[in-house]
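A.B. asks: Return atomic coordinates for the entry below.
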Amino acid sequence: IIDDDRDLRDFLQQALLAAGFQVQTADRGAIGLRMLLTEEFHLVLIDINMPEISGPNICRALRKHNSGQSIPVVMITATFHSPEQVAAAKNDYGADDFLLKPFTGEDLQNLLKRVFLQDKNVKDDISKVQPLSDYTIPLQLQQLYREKATGLLHLTQGAAKKIIYIKDGYPIFTRSNVLSECLGRMLVAEGVMTQVDCDQSVEKSKESGRLQGTVLMEQGVLTPEDLQSALVRQVTDKLLSTFAWRSGTCQFVPAKEFKQHVTRIKLTPAALIMQGINRYWTPKQLDEFLYPFNDDYLKQASNPQYRFQDIKLGKRGEAIYQSCLGVKTLGQLLQQHPLARREVQKVLAALMVSEMLERTATPDPITTEDISGEAEIEIIDEKLRHKILNDYQRIMACDYFEVLGLSRQFGSGEARKAYYRLAKEYHPDRFLDSGLSSEMSQKINEMFQYLTQAYTVLSNADSCAGYLDELVNGPKKSIDINQVIEAETAYQQGRAFLKIRRFGAAAKSLQRAIELSPEESEYMTFFAWALFKSAPKKLDIQNQALEVLLASREINPGFDLTHLYLAQVYQSLGKERQAEKSFEMAVQANPGCTEALRELRLINLRREKDPQSKGLFNKFMKKKD
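C.D. replies: Model (predicted):
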């Protein structure tokens, strides 16, 4: 038990001793964390508002160590947490459950049953293999999105096998053993190249050990931009084609982490569900899926987490969604579009599966203030990066009233209106294809969760009154963001030193940024480059830079400069083959990476002097000239 409230510690200790537990207590976060990392525990209860080190930060630190990843962690708080917020907290910092103050002995008993039964059920579900039916794939994708799950979804149908990589609820990559889904056959089917080109590329790929995409660029069939686009289509289509599977098995295996790839699926789960249904669901499937809900009234979801998903509807689809106001049944909506019935069925089915629509047995109109358009998202650049950090600093430093822009005597409906406006702006789906690093994505998630938490508390009269009393009479919740800002300042300082070639000073600043924010891949990449450039001939410096770049690549394989700098370090170590591969990956990550293209051209020119050389990129580079 980690709590600075002595009375509460004593109560919990006596109750847990009576339940048969051996109990240890700590009144400081640092002391408690040290105990957790050096001794064995089966359960930990932490007050969420501990001084010096907050409860969430204790939990985050615990989860970074192998010994602390499986310990059930319960947060003690006076603030109500909805099931969605509990799930978000588990994803954010690893909390398993919450104990709401004030609580009774019975509440504690129920908590213990919940925690330990849940742990058993999770272990049982990991190995559970489920049969596929007509609707399994889209429903499974939505469930994993709802739970913000990370792991591998294994799918089989006869001899066909696929693995969908899921990260925080988002499908990011697909593997398949279906031959017709290989890159060459897909491009032949699309008319991008001939079967002769395909056969030649396969043969050269086998001879050289290079990827088929690299060979196709060498042949002049694809440009780097064409290859990047084709690879994204390939991994996406591998997933979408499973919507046609009517039988087989599926099994989701949770995982904390897995190897990431340069090529990523760039659609949200809702958009994948929309495209999969549109391409592969038959009229019979649509009729059978929608029939039970024919007399239900449809309205846009009240939960912004689902309501504002980026589903990529067309003009008609958007009009259909905007007409779902809780006053018409599904049957009535279909009757309005007799000439486009199938298209409307597909849109409604996708909206229902993705939980963007809710069903009610009676009319339940939504207010017009809840209806508004979507904001445009900027392409990721330094401007967006600064905006996210500034917004993060502002939002996380506010109390619940301030963050929603409300007075402490706000009127009825004001909280919902303010929350919906902010939820649209900070919904994680809007930033999916913006090139955000994992650290920036985490900040978006934290802001969205904090906004949701603020609305949940303030929209309930009792929890709002309790929170206001805590603000007035108790210590205000303090979220330490100084470390985040200090890290970004050190990063920008390091980048400035790099531009004027003060590599030693740059490495020092960037190392400080990493110490403050160790999971930010861009910090790692630029630190490694500054370190390497500070002493490019020293073997120990070369190896250290290599190690940091490899770690950065694991975190974010889509950052082209990581591959570019890695290639140049490999060159300095005399590892030409690894350097060439890294230059190729830099081009895949960013087809406009001119420095990587130039280096590949030089490699090809050197090979032309060797009569045994095949001339990597020879035809492609000549075509570019």
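
A.B. asks: Quick check: the residue most central in space within the chain vs Ala87, distance?
C.D. replies: Residue closest to the mean C-alpha point of the chain, counted by CA atoms, centre = their mean, is Asp168 at 4.5 Å. As judged by CB to CB, to the nearest Å, Asp168 and Ala87 stand 11 Å apart. C-betas here are computed from N, CA, C, even on glycine.

A.B. asks: What segments of the stretch 51-200 of the chain are helices?
C.D. replies: 55-63, 83-93, 105-126, 136-146, 183-189, 195-208 (DSSP state H, counting those that start in this stretch).

A.B. asks: And those helices: which comes nearest Tyr426?
C.D. replies: Closest to Tyr426 of the helices of the stretch 51-200 of the chain, according to CB to CB: helix 83-93, at 13.1 Å.

A.B. asks: in that closest one, what counts as buried?
C.D. replies: Buried residues in helix 83-93, counted by 16 or more other CB atoms under 10 Å: Glu84, Gln85, Ala87, Ala88, Ala89, Lys90, Asn91, Asp92, Tyr93.

A.B. asks: Ok, stretch 159-172 next?
C.D. replies: Of the residues in stretch 159-172, those buried (16+ other CB under 10 Å) are Ala160, Lys162, Ile163, Ile164, Tyr165, Ile166, Lys167, Asp168, Gly169, Tyr170, Pro171, Ile172.

A.B. asks: With stretch 35-46 instead?
C.D. replies: By 16+ other CB under 10 Å, the buried positions in stretch 35-46 come out as Leu36, Phe41, Leu43, Val44, Leu45, Ile46.

A.B. asks: can you redo the residues you listed as JSON lines with distance to Ala579, secondary structure and pLDDT?
C.D. replies: Converted to JSON lines, the buried residues of stretch 35-46 look like this (distance: CB to CB, whole Å; DSSP: H, G, I helix; E, B strand; the rest coil; pLDDT from 0 to 100):
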{"residue": "Leu36", "distance to Ala579": "44", "secondary structure": "helix", "pLDDT": "85"}
{"residue": "Phe41", "distance to Ala579": "48", "secondary structure": "coil", "pLDDT": "87"}
{"residue": "Leu43", "distance to Ala579": "50", "secondary structure": "coil", "pLDDT": "91"}
{"residue": "Val44", "distance to Ala579": "47", "secondary structure": "strand", "pLDDT": "94"}
{"residue": "Leu45", "distance to Ala579": "52", "secondary structure": "strand", "pLDDT": "93"}
{"residue": "Ile46", "distance to Ala579": "48", "secondary structure": "strand", "pLDDT": "93"}
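
A.B. asks: now Tyr455, nearest residue through space, not along the chain?
C.D. replies: Tyr419 (3.9 Å; CB to CB, 6 or more residues apart in numbering).

A.B. asks: pLDDT of the helix or strand encompassing the one you found, averaged?
C.D. replies: Using DSSP states H and E, the element containing Tyr419 is helix 414-426. Helix 414-426 shows a mean pLDDT of 84.

A.B. asks: any idea how far that helix is from the chain center?
C.D. replies: With CA atoms, centre = their mean, to the nearest Å as the basis, helix 414-426 stands 22 Å off its chain's centre.

A.B. asks: export the buried residues of helix 83-93 to JSON lines and tack on distance to Ala349 and pLDDT?
C.D. replies: Formatted as JSON lines, the buried residues of helix 83-93 follow (distance: CB to CB, whole Å; pLDDT from 0 to 100):
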{"residue": "Glu84", "distance to Ala349": "24", "pLDDT": "67"}
{"residue": "Gln85", "distance to Ala349": "29", "pLDDT": "70"}
{"residue": "Ala87", "distance to Ala349": "25", "pLDDT": "71"}
{"residue": "Ala88", "distance to Ala349": "27", "pLDDT": "73"}
{"residue": "Ala89", "distance to Ala349": "32", "pLDDT": "73"}
{"residue": "Lys90", "distance to Ala349": "30", "pLDDT": "73"}
{"residue": "Asn91", "distance to Ala349": "28", "pLDDT": "74"}
{"residue": "Asp92", "distance to Ala349": "32", "pLDDT": "76"}
{"residue": "Tyr93", "distance to Ala349": "36", "pLDDT": "81"}
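
A.B. asks: and of those, the nearest to Ala461?
C.D. replies: For the buried residues of helix 83-93, the nearest to Ala461 is Gln85 (18.2 Å; CB to CB).

A.B. asks: how much space between Met35 and Pro338?
C.D. replies: Noted for Met35: a distance of 69 Å to Pro338, by CB to CB.

A.B. asks: oh, I was asking about Gly314
C.D. replies: Counting by CB to CB, the gap from Gly314 to Pro338 is 19 Å.

A.B. asks: Can you pick out the residue with more neighbours from those two?
C.D. replies: Gly314 (12 against 8; other CB atoms under 10 Å).

A.B. asks: which one of the helices of the stretch 51-200 of the chain lies closest to Ser463?
C.D. replies: helix 83-93 (11.6 Å).

A.B. asks: so how far is the closest one off the chain centroid?
C.D. replies: With CA atoms, centre = their mean, you get 14 Å for helix 83-93.

A.B. asks: I'd like to know which elements it is packed against.
C.D. replies: With contacts taken as 3 or more CB pairs under 8 Å, 6 or more residues apart in numbering; DSSP states H and E, helix 83-93 sits against helix 55-63, strand 97-100, helix 438-458.

A.B. asks: And the contacts of that helix?
C.D. replies: With contacts defined as CB atoms under 8 Å, 6 or more residues apart in numbering, helix 83-93 is touched by 56-57, 59-60, 63, 75, 81, 95-98, 146-148, 168, 303, 305, 442, 445-446, 449, 452-453, 456.

A.B. asks: Whichever of these end up buried, select them in PyMOL.
C.D. replies: Filtering the contacts of helix 83-93 down to the buried ones (16+ other CB under 10 Å) takes a single PyMOL command:
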select buried, resi 56+57+59+63+75+81+95+96+97+98+146+147+148+168+305+442+445+446+449+452+453+456
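
A.B. asks: you'd agree Ser247 is up against Pro131?
C.D. replies: Yes: Ser247 is within contact range of Pro131, at 7.4 Å (criterion: CB atoms under 8 Å).

A.B. asks: For these two, indicate the residue with more neighbours.
C.D. replies: Ser247 (12 against 9).

A.B. asks: Who are the contact partners of the more buried one?
C.D. replies: So Ser247 contacts Pro131, Leu132, Ser133, Gln157 (CB under 8 Å, 6+ apart).

A.B. asks: please redo it, this time with the cut-off set to 7 Å
C.D. replies: By CB atoms under 7 Å, 6 or more residues apart in numbering, Ser247 lies in contact with Leu132, Gln157.

A.B. asks: how about low-confidence regions in the stretch 451-600 of the chain?
C.D. replies: Confidence mapping of the stretch 451-600 of the chain against pLDDT under 70 gives the ranges 474-481.

A.B. asks: re the thing from before, for the helix holding Tyr419, which positions count as buried?
C.D. replies: For helix 414-426, burial by neighbour count (16+ other CB under 10 Å) applies to Ala415, Arg416, Lys417, Ala418, Tyr419, Tyr420, Leu422, Ala423, Lys424, Glu425, Tyr426.
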